[in-house]
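Trainee: Following is a predicted model, sequence given first.
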Amino acid sequence: QKEVEQNSGPLSVPEGAIASLNCTYSDRVSQSFFWYRQYSGKSPELIMSIYSNGDKEDGRFTAQLNKASQYVSLLIRDSQPSDSATYLCAVNRGSGNTGKLIFGQGTTLQVKP
Amino acid sequence: DAGVTQSPTHLIKTRGQQVTLRCSPKSGHDTVSWYQQALGQGPQFIFQYYEEEERQRGNFPDRFSGHQFPNYSSELNVNALLLGDSALYLCASSNTGALRGYTFGSGTRLTVV
């Protein structure tokens, strides 16, 4: 079992729709969770972080965390063609300031005009 | 405020050769982590440096080594290059371990022929 699992996709949604990206993790003691966006040929860019159960909203993005189910999700509202990218789920493994980020393989999102 | 800078951006090497990649962390960051990202995969953790010492290491052979300097900059060295070492090498920095996520550099694309 991989430490962080994502469906590789591609996930295809029409412009203006809600895109839902999912991620599961195996280490129950993980405390920090992140979503990175990576455009083709570019480096990952942090778009959302979440640390406690529930929802966290930032503009068109909402991150959801359920520690009991070991599940993190990212919702993108009003999807735009510019949102087409690979979305990487990352989990902090370790404690305090000594942890490291473990990444899933990423989900490719295609937003069609 | 400069972000994470990596050099070179692209590199072509021959099997068996050695390569050195360089990274300067974001101002105020003291921890540097290195990742390898193969095409279509998520970033894989190589190792992390803090206070000039390797603090954590992923599942990579001893051919991969690194160094951190007093100014927090870092180098990644790979000896006896294999074709399978062809990948995007990402440097990430932080000042809280992985608790608040990483800032990534633009990466070095290494091609081994």
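Mentor: The structure has been received and is ready for your questions.
Trainee: Can you pull up the residues of chain B that come close to chain A?
Mentor: Where chain B comes near chain A, counting by C-beta under 8 Å from any C-beta of the partner chain, the residues are B:31, B:33, B:35, B:40-45, B:48, B:50, B:55-56, B:58, B:88, B:90, B:92, B:96-107. In this view, the C-beta of every residue, glycine as well, is placed from N, C-alpha and C.
Trainee: With adjacent residues omitted, what lies nearest to B:Ser65?
Mentor: In space, and not counting its chain neighbours, B:Ser65 is closest to B:Asn77: 4.8 Å by C-beta to C-beta, 6 or more residues apart in numbering or on different chains.
Trainee: The chain: strands as residue ranges?
Mentor: No chain in the question, so chain A it is. Counting by DSSP state E, one finds strands in chain A at the ranges A:4-5, A:11-14, A:19-25, A:33-38, A:45-50, A:54-58, A:61-66, A:71-76, A:85-93, A:100-103, A:107-112.
Trainee: wait, chain B
Mentor: Counting by DSSP E, chain B has strands at residues B:5-7, B:10-13, B:19-24, B:31-37, B:44-50, B:53-57, B:64-68, B:74-78, B:87-94, B:103-104, B:108-112.
Trainee: related to what we said a few turns ago, ChimeraX command for the buried members of the residues of chain B next to chain A?
Mentor: A single ChimeraX command is used to select the members of these judged buried by 16 or more other C-beta atoms under 10 Å in any protein chain shown:
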select /B:31,33,35,42,43,44,45,48,50,55,56,58,88,90,92,96,97,98,99,100,101,102,103,104,105,106,107
